[in-house]
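> just to be clear, the model below is a prediction. Sequence and coordinates:
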Amino acid sequence: MSRKFDIKFGTETFKAWYVDKTATARLALQALKPDVLLGLDCETMALPKYHHVSQAALSPHLSSIRLIQIFDGKLSIIIDLLKCKGELLESEIRHLLETRRFIAHNAVFDLAFLKRQFRPRSIDCGCTFIAFKLLAHAARPTDDGLRAGLDAVTKGLCGVEVLKSNQASDWSVPKLTFEQIEYSALDPVCVLKIAEKMAPALEKYKLYDFYNLLKAAQHPIVEMHLNGIGFNSKEHIELVSGWREKLYAAKKILLQQTGLDDITGPKVAKWLETNLEKRILDDWPRTDNGALKTDAITFSDFGAVSPAVKPFGAFQKYKVLTSDFGGKLLQQLNEETGRLHPQYHICGTRTGRLSCSKPNLQQSPRDKDFRSQFVPSKGMVFVGADYSAIEMRVAAEVSRDPAMLKAFKDGLDLHMMLGSEIAGIDIETLPKEKCDRYRQMGKVGNFACIYGAGAKTLASQARKAMDDTSITETQTGEIRDAHRRRWAGYRAWHVKLYEKCMETLRVRTVCGKLRRLAPEFCYGAAPNTIIQGSSAGCMLQSMVLFQQMIDKGLKAKLIATIHDELIAECLPQDANEVKETLEYAMVEGFKRVFPNGCTKNLVEAKIGNNWMELK
DNA sequence: TCTCTTAGCGCG
DNA sequence: AAAGCGCGCTAAGAGA
């Protein structure tokens, strides 16, 4: 039964209108004030056939929208889509979505459902969650204790208490309680109210340009989530059983050697404490709580001095592979699509990168057999590309180091260049058999030193990367010095940035994201934020551009992004066109951030039948 | 039994 | 003078 009632937001009172008749729903839509920004929220419910799936209501493939709530500043309408149906209503909602401006809290969630259910050509929708995170990162040095839920933000910005109990309630019941309806009416009100509070702050911190980029990026990001990625379960199961065998073999040896009942980090630490010689224990690194560290780098560092610690490394590798990537992925396959549907979190990091979860595609092992399990839909191919040495490129662009800039312009190998500096010999005269080793040292040096790593960190990194426990801190101190000589302009930029940062305690990426830093982070995190964050901005721009090409008719789907890599899929006969378009979008995305930047050898896309083949 | 923290590790 | 950074996920262990 349709119902009109009053709702209170603090001291203000607004009208609300719950509608459960199709004809009335159309009247309610027409009652919305024209031309104003609209607060938007949806409540979703699992489809009956997926009631057994936990959290099904969060997946757009396993559930549908129960309520759409829209607030125009005076009136909040709640349309019950379980009761209101029909093509006419659907086309009117689609028209509303295509022609009005909206704002929602964590809009990517609502957008995924709205896109699937109403297929609008586009939706102009801002996001108060993104805005809140941007402001938090600009104002606070850490995220500790930060709550970004709609209720917490409303309390924080407007001082108004709203119960969020409705969010977890069952939205699939045939007849909603009045409480459910009342609270659902309030959600879009909260969104519009906090948006009004945040707008001047975004202006003040000069965050609007970056906010608008993230707002645009919602579209490709929702597409990637909805599209998902194919996964070969059969091959995966075989690979994992191989890992398990290796794990058990390594475990058996260790159990015999140590006499322990199980091999766990804390137990191993205790065993080492009682079994290693004192002179080794004195040098062994410890955790914050005083226990012996039991990580791979420590084992690799001490493998040379004590043969007893060597077998722990291999065990750990397979322990992680089986627990993180064995079986867990299969559980996340979507029952409706049979695919993985990772979630990308806009503003999920303080630098401006995306983060990813359920599953986190970004941490997939580089193992060939593993990556080859990610596949296109039947009859399709992958087209993928990554930015070549994007962080070094951005380091060159922001620092204006003449040697780095020239190296990119001439298409040279920057790792080899640092390698020859370390060797103290010109590249041409460097003996062939020594080239690989020095290049690898140069690579480790380039990646660690731009963020201020010292000899100690560098030594651990080099020992692991080069599988050589004999590398000393004296040697890596020389790598650091060589880096400062070879890229002297970069060093000067870094020092200057550090000094400025210690005064302002803030750093801004080229794309405009502002980050507040604690003083102890001004040395390493400041250059990292600028370089990593601006690189991420290039990718955001390129995703937006590529999706625009798709909207204009390019026959492709966006599938995934892994920081500097973008993957699409298409029919084989369209692959060449898609490949060219992807390269264009990524080069253009870089140029949006660095209009005069060097794009030589920046991107080369590949066509393949699985993720591994794109490398 | 559940929740929270710590240590460790996968990736870029 | 010296200082790697950014995530998400898992198991183990501690505490409520």
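Received the coordinates, thanks.
> near DNA strand C, which residues of the stretch 451-600 of chain A? Just list them.
With C-beta under 7 Å from any atom of the strand as the criterion, the stretch 451-600 of chain A meets DNA strand C at residues A:451-457, A:461, A:498, A:521, A:523-525, A:528-529, A:532. The C-beta positions use only the backbone N, C-alpha and C, and glycine is treated the same way.
> swap in the stretch 201-350 of chain A?
Residues of the stretch 201-350 of chain A lying near DNA strand C (C-beta under 7 Å from any atom of the strand): A:262, A:264-267, A:323-324, A:328, A:345, A:348-350.
> just want the most central residue of chain A.
For chain A, residue A:355 is the residue whose C-alpha lies nearest the centre (C-alpha atoms, centre = their mean; 1.7 Å).
> got the contact list for that residue?
Taking C-beta atoms under 8 Å, 6 or more residues apart in numbering, we find residue A:355 in contact with A:344-345, A:348-349, A:362.
> mind giving me the ChimeraX command for buried ones among those?
Here is the ChimeraX command that selects the buried residues among the contacts of residue A:355 (16 or more other C-beta atoms under 10 Å):
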select /A:344,345,349,362
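> of the contacts of residue A:355, which is the nearest to residue A:509?
Ranked by distance to residue A:509 (C-beta to C-beta), the contacts of residue A:355 are led by residue A:349 at 11.4 Å.
> now the closest one: how far from residue A:133?
10 Å (C-beta to C-beta, to the nearest Å).
> which parts of chain A sit against DNA strand B?
A:265, A:269, A:287-289, A:291-297, A:316-317, A:320-321, A:324, A:360, A:362-367, A:532, A:562-565.
> do I have it right that residue A:189 meets residue A:76?
Yes: using C-beta atoms under 8 Å, residue A:189 is in contact with residue A:76, at 5.8 Å.
> looking at the stretch 151-300 of chain A, which residue is nearest DNA strand B?
residue A:295 (2.5 Å; C-beta to the nearest atom of the strand).
> what do residue A:189 and residue A:76 both touch?
A:7, A:14, A:39.
> report the beta-bridge partners for the nearest residue to residue A:284 once chain neighbours are set aside.
In space, and not counting its chain neighbours, residue A:284 is closest to residue A:292: 5.4 Å by C-beta to C-beta, 6 or more residues apart in numbering. Per DSSP bridges, the residues bridged to residue A:292 are residue A:286.
> got a quick ChimeraX command for the buried subset of the shared contacts of residue A:189 and residue A:76?
Only the buried entries of these go into this ChimeraX selection, using 16+ other C-beta under 10 Å:
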select /A:7,14,39
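> out of the shared contacts of residue A:189 and residue A:76, which are inside strands?
In this view, the shared contacts of residue A:189 and residue A:76 that belong to strands under DSSP state E are A:7, A:14, A:39.
> between those, which is nearest residue A:416?
residue A:39 (55.9 Å).
> what's opposite the closest one in the beta bridge?
Under the criterion DSSP bridges, residue A:39 forms beta bridges with residue A:71, residue A:103.
> wait, it touches residue A:195, no?
Yes: under the criterion of C-beta under 8 Å, residue A:39 makes contact with residue A:195 at 7.4 Å.
> quickly list what's touching both of these two.
Common neighbours of residue A:39 and residue A:195, using C-beta under 8 Å, 6+ apart, are residue A:103.
> picking up where we left off before, which among the residues of the stretch 201-350 of chain A next to DNA strand C end up buried?
For these, buried by 16+ other C-beta under 10 Å: A:265, A:345, A:349-350.
> what packs against the helix or strand hosting residue A:529?
Using DSSP states H and E, the element containing residue A:529 is helix A:525-551. Counting contacts by 3 or more C-beta pairs under 8 Å, 6 or more residues apart in numbering; DSSP states H and E, helix A:525-551 is packed against helix A:208-227, helix A:390-399, helix A:488-504, strand A:506-508, strand A:557-561, strand A:565-570, helix A:575-593.
> per-domain residue ranges of chain A.
A:3-228, A:231-330, A:342-390+A:534-614, A:400-511+A:520-529 (automatic domain parsing).
> contact partners for whichever residue of chain A sits closest to DNA strand C?
Relative to DNA strand C, the nearest point of chain A is residue A:454 (2.2 Å; C-beta to the nearest atom of the strand). Counting by C-beta under 8 Å, 6+ apart, residue A:454 makes contact with residue A:480.
> returning to that earlier point: and for the residue of the stretch 151-300 of chain A closest to DNA strand B, the neighbour number?
15 (other C-beta atoms under 10 Å).
> residues near the closest residue to residue A:21 other than its chain neighbours, how many?
Nearest-residue entry for residue A:21: residue A:2, 5.7 Å, with adjacent residues in sequence omitted and distances by C-beta to C-beta, 6+ apart. Other residues lying near residue A:2 total 17 when counted by other C-beta under 10 Å.
> which of the residues of the stretch 201-350 of chain A next to DNA strand C sits closest to residue A:185?
Nearest member of those to residue A:185, counting by C-beta to C-beta, is residue A:345, at 28.0 Å.
> so for stretch A:286-293, what gets flagged as buried?
For stretch A:286-293, by 16+ other C-beta under 10 Å, it's A:292-293.
> same list, the helices and strands packed on helix A:525-551, but as TSV with distance to residue A:61 please.
Putting these into TSV (distance: least, C-beta to C-beta, whole Å) gives the following:
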stretch	distance to residue A:61
helix A:208-227	8
helix A:390-399	33
helix A:488-504	45
strand A:506-508	39
strand A:557-561	15
strand A:565-570	17
helix A:575-593	25
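> how about whatever residue of the stretch 501-615 of chain A ends up closest to DNA strand B, what does it touch?
Among all residues of the stretch 501-615 of chain A, residue A:563 sits closest to DNA strand B, at 3.3 Å; criterion: C-beta to the nearest atom of the strand. Listed by C-beta under 8 Å, 6+ apart, the contact set of residue A:563 reads A:353-354, A:362, A:535-536, A:539.
> can you lay out those residues as CSV showing pLDDT and distance to residue A:396?
Formatted as CSV, the contacts of residue A:563 follow (pLDDT from 0 to 100; distance: C-beta to C-beta, whole Å):
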residue, pLDDT, distance to residue A:396
A:353, 97, 20
A:354, 97, 24
A:362, 95, 25
A:535, 98, 12
A:536, 98, 17
A:539, 98, 18
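> so residue A:174 touches residue A:82, yeah?
Yes: at 7.3 Å, residue A:174 counts as touching residue A:82 under the criterion of C-beta under 8 Å.
> look at those two and report which has more neighbours.
residue A:82 (17 against 6).
> excluding chain neighbours, what is closest to the more buried one?
The nearest residue in space to residue A:82 (C-beta to C-beta, 6+ apart) is residue A:66, at 5.8 Å.
> any idea which helix or strand of chain A has the worst average confidence?
The least trusted helix or strand in chain A, going by mean pLDDT, DSSP states H and E, turns out to be helix A:296-302, with a mean of 82.
> so how far is residue A:346 from the nearest residue to residue A:536 once chain neighbours are set aside?
Spatial nearest neighbour of residue A:536, excluding adjacent residues (C-beta to C-beta, 6+ apart): residue A:353 at 4.2 Å. Using C-beta to C-beta, we find residue A:353 at a distance of 10 Å from residue A:346.
> then residue A:382?
Residue A:382 sits 24 Å away from residue A:346, going by C-beta to C-beta.
> and the helices in the stretch 251-400 of chain A?
Applying DSSP state H, counting those that start in this stretch to the stretch 251-400 of chain A gives helices spanning A:265-275, A:278-283, A:296-302, A:310-325, A:328-331, A:368-371, A:390-399.
> redo those as a markdown table? Include distance to residue A:56.
Output for those, formatted as a markdown table (distance: least, C-beta to C-beta, whole Å):
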| stretch | distance to residue A:56 |
| --- | --- |
| helix A:265-275 | 35 |
| helix A:278-283 | 52 |
| helix A:296-302 | 38 |
| helix A:310-325 | 24 |
| helix A:328-331 | 14 |
| helix A:368-371 | 28 |
| helix A:390-399 | 38 |
